[in-house]
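> Here's a sequence, model it:
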Amino acid sequence: MNKDRVFAERLTTITPFRFNEKVARVFDDMLVRSVPLYGEVLKQQARIARQFYQSGTRIFDLGCSHGNLGILLLDGFGETAFKMIGVDSSWPMIQRFKKRLCVHDSHGSIDLACACIENIEISNASVVVINLTLQFLDAEKRDCLIQSAFEGLCKGGILLLTEKTVHPDPQMNALEQEYYYQFKRENGYTDLEISQKRDALERVLVPETVTEHENRIQKAGFASFNAWLKWFNFISMIAVK
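Down below sits the predicted model:
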């Protein structure tokens, strides 16, 4: 695993964060060291997707990056046939996903598209997954995407959503941020790396409150909602149509 040193050296100019080749090369290390409980979230999502998948329908992984969830699904479904559409706007990520599928016995189960997720037509789906991706869209596009996911899901289908959030109470928000930065320090990031990445993500990643997510999901028409995992300012949710 290549070590993430994208922000290790002091930069004279900090440009907006992009999922380019440099990031794609170290993305696994970045995820493990930057996203609390990342592996656990994907493991449980793969199990939930296996449970709710309806034969003859499709799984949509919107913001699939280089395919960690997709590989878990291939392992979890085993010989059981399923169909997944993986979508990401980063070509370097899609390229890496394709390479992983070439050495994995995928039975043609996964199709990939390099596209903006808000432009994808969601249909005949029983599972829609959006992990750490909605937060990069403009607010109005978030509403449209969740509505599109609802309309494209079969009855009984599910939305799985993981996001970085902000707390409406300033004191609680400061506490969550500090514990998150401590998590990153414990994983070997320096204060310089933390600061420079924060600056690069400013106005690129715009978090919302848990309530805003829940309200959007309920407004779209989902029958049930549950925040099944929360670690300070990170949350994983499920909604059932």
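> C-alpha only now, for contacts and for neighbours.
OK.
> Helix or strand next in line after the longest helix belonging to the chain, which one?
In the chain, with assignment by DSSP state H, the single longest helix is helix 170-186. Downstream of helix 170-186, the next assigned helix or strand under DSSP states H and E is helix 191-201.
> picking up where we left off before, how much does the longest helix of the chain deviate in direction from helix 191-201?
120 degrees (axes from the mean of the first three to the mean of the last three Cα atoms, to 10 degrees).
> got a list of contacts for helix 170-186?
Residues from elsewhere that reach helix 170-186 (Cα atoms under 8 Å, 6 or more residues apart in numbering): 33-34, 36, 166-167, 191, 194, 232-233.
> Pull the contacting residues for the residue nearest the centre of the chain.
Compute the mean C-alpha point of the chain, and by Cα atoms, centre = their mean the closest residue is residue 131, 1.7 Å away. By Cα under 8 Å, 6+ apart, the contact set of residue 131 is 62-64, 160-163.
> related to what we said a few turns ago, tell me which of the contacts of helix 170-186 fall in helices.
33-34, 191, 194.
> which one is residue 187 nearest to, not counting chain neighbours?
residue 33 (5.5 Å; Cα to Cα, 6 or more residues apart in numbering).
> how about the contacts of residue 131, which pair is most distant?
64 and 163 (14.0 Å; Cα to Cα).
> Can you name the residues bridging to the residue nearest to the centre of the chain?
residue 162 (DSSP bridges).
> if we can go back for a sec, for the contacts of residue 131, which one is nearest residue 95?
Taking those together and measuring to residue 95 by Cα to Cα, the closest member is residue 64, at 11.7 Å.
> Let me see the ranges of the strands in this structure.
58-62, 84-88, 110-114, 125-131, 153-164, 224-231, 234-240 (DSSP state E).
> Which positions in the fifth one come out as buried?
Same thing as strand 153-164. For strand 153-164, burial by neighbour count (16 or more other Cα atoms under 10 Å) applies to 153-154, 157-164.
> re earlier: for the longest helix of the chain, which positions count as buried?
For helix 170-186, by 16+ other Cα under 10 Å, it's 176-177, 180-181, 183-185.
> Make a markdown table out of the buried residues of strand 153-164 and add distance to residue 214 and pLDDT.
A markdown table is the format used below for these (distance: Cα to Cα, whole Å; pLDDT from 0 to 100):
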| residue | distance to residue 214 | pLDDT |
| --- | --- | --- |
| 153 | 18 | 98 |
| 154 | 20 | 98 |
| 157 | 17 | 98 |
| 158 | 14 | 98 |
| 159 | 12 | 99 |
| 160 | 12 | 98 |
| 161 | 11 | 98 |
| 162 | 12 | 98 |
| 163 | 12 | 98 |
| 164 | 14 | 98 |
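> which one of those sits closest to residue 80?
Nearest member of these to residue 80, counting by Cα to Cα, is residue 157, at 18.4 Å.
> tell me the contacts of the closest residue to residue 147 other than its chain neighbours?
Nearest residue to residue 147 in three dimensions, chain neighbours excluded: residue 220, at 5.0 Å (Cα to Cα, 6+ apart). Residue 220 is in contact with 146-147, 150, counting by Cα under 8 Å, 6+ apart.
> again with residue 101
residue 71.
> What score does it have for pLDDT?
Residue 101 is assigned 94 on the pLDDT scale.
> what's the distance between it and residue 198?
To residue 198, residue 101 is 33 Å away according to Cα to Cα, to the nearest Å.
> Could you do residue 9 as well?
Residue 9 is 14 Å from residue 198, by Cα to Cα.
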